[in-house]
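Enquirer: sequence plus the predicted model coming up.
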Amino acid sequence: MRTWGDEDIQDQGGRTVVITGANSGLGLRAATVLAAKGARVILACRSRERGERAAAAVGGELVLVDLADLGSVRKAAADLRERTGDRVDLLIDNAGIPAGKFRRTVDGHESILATNYLGHAALTWLLMPALRAGDSARVVTVSSMAQRGKGFDVEDPNFERRRFRMAHAYSQSKLAGLMFALELQERLAAEGSPVISVAAHPGFTATEIGAAGARNQGLGALARPLNALTKALSQSVSEGTLPILYAATAPEVQGGDYYGPRKFGEFFGGVGPARIDVRAQDQAVRARLWERTAELTGVRPDPS
């Protein structure tokens, strides 16, 4: 069976796409491919310099957003709704930071959870009116195999009572994202919305997230060798982006689907259905996470 590839993506002319963290790695690759297919691509990035460089290379537009700052998220959402005429056809919640030292954001949240999950949840809710106006709109949440870790305490997501462990923090942020995607789909379906929510993960891909994690921990000397080792053992960014692009564009995708590589335990190779951790399937916990997310972000859930 031939592997699904970029060439299978249908014409995206007339569609408006927003991708977070699109100045490098998976986000930049997705932006490049979708722009080449005719989409209007808006890169939502934290760094103006890197974002402008990426937008120029892609032929896209830049919106500045720091997902760890909920004020910045609100401002970016308002900017996006205004410049798109309140219509977005595809939102890819991709940006993320790796494991690192314990830090609190300006809003008082643990930084990995805030960047990888809370900021994306808030942005998605704030953009929902624009997504409802879109044409067969989709929200694609980029998760990770790390979501199969040790789970998390919905009542203590910011490690106020628990001991902080950086790998656990990253794992819980990715599990939370997947749970949010599934809960969002249930609520969209319940209101009869044409918008669908899906998720994907890139398997083991040669991004710079491992090297960035080393730098975040004050281990900059290990960044270069770690990056070289990762690239030697993993698949390319182009290959790792395929599950995300499939979730974003394939006509057969259904709400609630989750995709990843289909070979070697979802580490490498093509696109196929990915395994959803049993904890992400707990409806009661997902519903509580939905409530807690609203409490932590101060953003009204949409759908409620």
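Expert: Yep, that arrived.

Enquirer: mind saving the C-alpha coords of whichever strand or helix holds P243 as PDB?
Expert: Here P243 is covered by helix 237-249, with elements defined by DSSP states H and E. Taking C-alpha atoms only, helix 237-249 is exported to PDB below (Å, rounded to 0.1, in the frame of the first residue of the first chain):
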ATOM      1  CA  VAL A 237      10.500  16.600   9.900                       C
ATOM      2  CA  SER A 238       8.800  16.100   6.500                       C
ATOM      3  CA  GLU A 239       7.800  12.500   7.500                       C
ATOM      4  CA  GLY A 240       6.800  13.500  11.000                       C
ATOM      5  CA  THR A 241       4.500  16.200   9.800                       C
ATOM      6  CA  LEU A 242       2.500  13.800   7.600                       C
ATOM      7  CA  PRO A 243       0.000  12.600  10.400                       C
ATOM      8  CA  ILE A 244      -0.700  16.300  11.200                       C
ATOM      9  CA  LEU A 245      -1.300  17.200   7.600                       C
ATOM     10  CA  TYR A 246      -3.500  14.100   7.100                       C
ATOM     11  CA  ALA A 247      -5.600  15.000  10.200                       C
ATOM     12  CA  ALA A 248      -5.800  18.600   8.800                       C
ATOM     13  CA  THR A 249      -6.800  17.800   5.200                       C
END
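
Enquirer: that one packs against which elements?
Expert: Secondary-structure packing of helix 237-249 (3 or more C-beta pairs under 8 Å, 6 or more residues apart in numbering; DSSP states H and E): helix 25-36, strand 90-93, strand 138-142, strand 196-200, strand 258-260. Bear in mind the C-beta positions are built from the backbone N, C-alpha and C, glycine included.

Enquirer: show residues contacting the shortest one.
Expert: By that I understand strand 258-260. 143, 145, 178, 181, 198-203, 243-244, 246-247, 253, 266, 271-276 (C-beta atoms under 8 Å, 6 or more residues apart in numbering).

Enquirer: one step back: could you give the angle of the helix holding P243 to strand 196-200?
Expert: Our comparison of helix 237-249 with strand 196-200, counting by axes from the mean of the first three to the mean of the last three C-alpha atoms, to 10 degrees, yields an angle of 160 degrees.

Enquirer: returning to that earlier point: now the buried members of the contacts of strand 258-260.
Expert: Buried members of these, scored by 16 or more other C-beta atoms under 10 Å, are 143, 145, 178, 181, 198-203, 243-244, 246-247, 253, 266, 271, 274, 276.

Enquirer: for the stretch 101-250 of the chain, which residues score under the pLDDT cut-off?
Expert: 149-151, 207-233 (pLDDT under 70).

Enquirer: circling back: okay, the helices and strands packed on helix 237-249 in a markdown table with distance to V154 next?
Expert: Listed next are the helices and strands packed on helix 237-249 as a markdown table, based on distance: least, C-beta to C-beta, whole Å:
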| stretch | distance to V154 |
| --- | --- |
| helix 25-36 | 27 |
| strand 90-93 | 20 |
| strand 138-142 | 18 |
| strand 196-200 | 19 |
| strand 258-260 | 20 |
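
Enquirer: and the ones you listed: which comes nearest E82?
Expert: E82 lies closest to strand 90-93 among the helices and strands packed on helix 237-249, at 15.9 Å (C-beta to C-beta).

Enquirer: average model confidence for that closest one?
Expert: Mean per-residue pLDDT for strand 90-93: 99.

Enquirer: output the contacting helices and strands for that strand.
Expert: strand 16-20, helix 25-36, helix 119-132, strand 138-142, helix 237-249.

Enquirer: okay, these in CSV with distance to G100 next?
Expert: Formatted as CSV, the helices and strands packed on strand 90-93 follow (distance: least, C-beta to C-beta, whole Å):
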stretch, distance to G100
strand 16-20, 18
helix 25-36, 17
helix 119-132, 16
strand 138-142, 19
helix 237-249, 21
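
Enquirer: for R286, which of those is the nearest?
Expert: helix 119-132 (12.3 Å).

Enquirer: so which residues make contact with that closest one?
Expert: With C-beta under 8 Å, 6+ apart, helix 119-132 has contacts from 18, 20, 44, 65-70, 73-74, 76-78, 80-81, 84, 86-89, 91, 93, 95, 137, 139, 141, 177, 180, 184, 193-195, 293, 297, 299-303.

Enquirer: and the angle for it with strand 196-200?
Expert: Going by the same axes, to 10 degrees, helix 119-132 makes 140 degrees with strand 196-200.

Enquirer: chain center to helix 119-132: distance?
Expert: On the basis of C-alpha atoms, centre = their mean, to the nearest Å, the separation between the geometric centre of helix 119-132 and that of its chain is 13 Å.

Enquirer: many thanks, we can stop here.
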